[in-house]
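Peer 1: When you get a sec, could you give me coordinates for this:
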Amino acid sequence: LKPYLWFSLHDMTPSVQATIRAVYCHNPSPFYKASWKDVLYEPTIGLFSLFYKYIYRINIRKNNFVVVQQHWISEAFKKMYRVDNVLVSKPNVEVPMLENVGKIEYSVPTFFYASLPRVFKNFEVIAETARILIQKNITDFQMIITVDGSENKYAHWLKKTYGDIPQLKFIGRISREEVLKNMNSADAVIFPSRLETWGLPITEAKALNKTIFLSDLPYAHETLGDYDKGVFFDPNSAKTLARILIQFLNKSLIINPITAKKYTGECTSWKELFEKILNS
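Peer 2: Numbers count the residues shown, from 1 in each chain. As a prediction, this is how the structure comes out:
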């Protein structure tokens, strides 16, 4: 082929010859601490968290550019691999049909979380929070999650462990149009994931001007950016989330506007990224 540019889009750096070489690193597994649930229900994630940092390392210094999605990952790569040629290219996410999303009229205050049933998505913190609210005699609410229990071992465990909670609604996988409709209808969106490169539902909820309760982790801070309806919580603490939701339901929760750290130099589109690489 004798390429001028070789852009490896999936983490690995192959041994090739090209005038310009770049690799797109979008798997955050090296920065994830696997739990016993990962080992039991999704061992691949546990293995990825242990070995992916070594997979990334192979040939990485042969690249002219290492491309990542967020600045915190950029700083982590610079420290872990001692590379200075890291470009941040933020996903250019468009939320379609905002004017035609529609609404569902819920009879009780509703919290919504849309995600595939992966262990790191942390559905159980929502379920445990529901239990805490019920134990405190707070029952006038519902939490909707896009899992039905049949998808995999983790989903089966979730349904078996928490299926007796009437306020926890296991609706299964739905289309993106239905996700946006449910999100638009909910009183608030919860996003407790422990591992993301971006976190698309955060961007979608923000576009819909929803109150968002999200993990107090670097990816979530950077994805959310400046926003006046965001509240961060420890993704490992159902007690903390329960306390926040009780205040929200009682209309006593004070939400302070969030001002995100400002960065410069990132690309915001594929066109801008390729121009930066090709004009080097």
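Peer 1: now for the longest helix that the chain contains, which elements pack on it?
Peer 2: Using DSSP state H to define each element, the chain has its longest helix at helix 43-57. In terms of contacts (3 or more C-beta pairs under 8 Å, 6 or more residues apart in numbering; DSSP states H and E), helix 43-57 is packed against helix 36-41, helix 71-81. Glycine gets a C-beta too; all of them are placed from N, C-alpha and C.
Peer 1: what residue ranges in this structure score low on pLDDT?
Peer 2: Scanning the chain for pLDDT under 70 picks out the ranges 39, 96-99.
Peer 1: middle-most residue in the chain, spatially?
Peer 2: Closest residue to the average C-alpha location of the chain: residue 199 at 2.9 Å, with C-alpha atoms, centre = their mean.
Peer 1: show me what contacts that one?
Peer 2: Going by C-beta atoms under 8 Å, 6 or more residues apart in numbering, residue 199 touches 191, 193, 214, 219, 220, 223.
Peer 1: Any chance of CSV for those, columns secondary structure?
Peer 2: Putting the contacts of residue 199 into CSV (DSSP: H, G, I helix; E, B strand; the rest coil) gives the following:
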residue, secondary structure
191, strand
193, coil
214, strand
219, helix
220, helix
223, helix
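Peer 1: which residues touch stretch 55-74?
Peer 2: 11-15, 20-26, 28, 30-31, 77, 81, 83, 85-91, 197-198, 218-219, 222-223, 263, 266, 273, 277, 280.
Peer 1: Any buried residues in that stretch, and which?
Peer 2: Neighbour-count burial for stretch 55-74 flags 56, 60, 63-74 (criterion: 16 or more other C-beta atoms under 10 Å).
Peer 1: Out of those residues, which is nearest to residue 187?
Peer 2: residue 70 (28.6 Å; C-beta to C-beta).
Peer 1: what about that closest one, distance to residue 193?
Peer 2: Computed as C-beta to C-beta, to the nearest Å, the residue 70 to residue 193 distance reads 14 Å.
Peer 1: Count the residues that sit near the closest residue in space to residue 3 that isn't next to it in sequence.
Peer 2: Spatial nearest neighbour of residue 3, excluding adjacent residues (C-beta to C-beta, 6 or more residues apart in numbering): residue 18 at 4.6 Å. If you count neighbours by other C-beta atoms under 10 Å, residue 18 ends up with 15.
Peer 1: Would you agree residue 18 is in contact with residue 277?
Peer 2: No - here residue 18 does not reach residue 277: they are 11.5 Å apart, not a contact under C-beta atoms under 8 Å.
Peer 1: Which residues are in contact with each of the two?
Peer 2: What both residue 18 and residue 277 touch, as defined by C-beta under 8 Å, 6+ apart, is the set residue 5.
Peer 1: For the residue nearest to residue 3, give me its contacts.
Peer 2: 3, 4, 5, 6 are the contacts of residue 18 under C-beta under 8 Å, 6+ apart.
Peer 1: can I assume it sits in a helix?
Peer 2: No - the assignment for residue 18 is coil, going by three-state DSSP, so no helix is present there.
Peer 1: distance of it from residue 85?
Peer 2: When residue 18 is compared with residue 85 (using C-beta to C-beta), they lie 15 Å apart.
Peer 1: same question, residue 113
Peer 2: 37 Å.
Peer 1: Among the two, which residue is more densely surrounded?
Peer 2: residue 113 (24 against 15).
Peer 1: what bridges to the more buried one?
Peer 2: Legend: beta-bridge partners of residue 113 under DSSP bridges are residue 145.
Peer 1: ok, back up a step: buried ones in the longest helix of the chain?
Peer 2: 45, 46, 48, 49, 52, 53, 56.
Peer 1: Tell me which helix or strand comes right after that helix.
Peer 2: strand 65-68 (DSSP states H and E).
Peer 1: Run the chain-centre distance for that following strand.
Peer 2: Relative to its parent chain, strand 65-68 has a centroid offset of 20 Å by C-alpha atoms, centre = their mean, to the nearest Å.
Peer 1: Just give the strands next to it in its sheet, each with its orientation.
Peer 2: strand 20-24 (parallel), strand 86-88 (parallel).
Peer 1: Can you add mean neighbour count and give those strands back as a markdown table?
Peer 2: Formatted as a markdown table, the strands paired with strand 65-68 follow (neighbours: other C-beta atoms under 10 Å):
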| stretch | mean neighbour count |
| --- | --- |
| strand 20-24 | 20 |
| strand 86-88 | 20 |
